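Q: Provided below are the primary sequence and the corresponding predicted coordinates.
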Amino acid sequence: MKSKQTIFLKFVIMPVLLLFFIYIFRGYENKIFSFNFVDEEDNMAIGKYLLRGEKLYTDIYTNHLPVTYIMSAAVQKATSPNSIPMLVKRHREFILVWAFIWAIFLIYRFGSFMLLPI
């Protein structure tokens, strides 16, 4: 028999979290270009260089870890944005989805206790 917490997570917390995510995503769509991140341009440019076949830390100098550049290259490869605003939009949408995936993982792993920061 499943525990009450597992049933509560599946049938109460997850649908509420999904609705919350949709609400946040919809509201964020209107303000997606309203602010700038410090390293965002760096991530996108180096991601594009990686797609062109350049090697990180050999052909491209950076003092950051490679994960953000590889993720940027993957987003650019998967979505093929045709303009800079579309590139920024796709990256920011990916970050929202990535955050949602981690939120789901943390809730399943540690229980509804992880909802306190939200």
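A: Structure received.

Q: Look up how far S34 lies from G27.
A: Distance from G27 to S34, counting by Cβ to Cβ, to the nearest Å: 12 Å. Yep, even glycine has a C-beta here, placed from its N, CA and C like the rest.

Q: If you could redo that for I95, that was the one I meant.
A: 15 Å.

Q: the more surrounded of the two?
A: Taking neighbours as other Cβ atoms under 10 Å, I95 and S34 compare with I95 leading, 14 against 7.

Q: need the contact list for the more buried one.
A: By Cβ atoms under 8 Å, 6 or more residues apart in numbering, no residues touch I95.

Q: host element of it?
A: Taking DSSP states H and E as the definition, one finds I95 inside helix 84-110.

Q: And that helix, what's buried?
A: The neighbour-count check on helix 84-110 (16 or more other Cβ atoms under 10 Å) flags L87, V88, K89, R90, H91, R92, E93, F94, F100, A103, I104, I107 as buried.

Q: Am I right that I24 sits in a helix?
A: Yes. Assessed by DSSP: H, G, I helix; E, B strand; the rest coil, I24 belongs to a helix.

Q: mind checking how far the residue positioned nearest the centre of the chain is from F8?
A: Closest residue to the average C-alpha location of the chain: I95 at 1.9 Å, with Cα atoms, centre = their mean. Distance of I95 to F8, computed by Cβ to Cβ: 29 Å.

Q: what's the answer for N43, then?
A: On the measure of Cβ to Cβ, N43 and F8 end up 38 Å apart.

Q: Repeat that for M86.
A: Relative to F8, M86 is positioned 40 Å away (Cβ to Cβ).

Q: Kindly report the same for F37.
A: Distance of F37 to F8, computed by Cβ to Cβ: 36 Å.

Q: before we move on, what about G27?
A: In terms of Cβ to Cβ, G27 sits 27 Å off from F8.

Q: which one of those two has more residues nearby?
A: Neighbour tally, G27 and F8, criterion other Cβ under 10 Å: the higher count belongs to F8, 14 against 9.

Q: so which strand or helix has that one?
A: Judged by DSSP H and E, F8 forms part of helix 4-8.

Q: what's the average pLDDT for that helix?
A: Averaging pLDDT along helix 4-8 yields 69.
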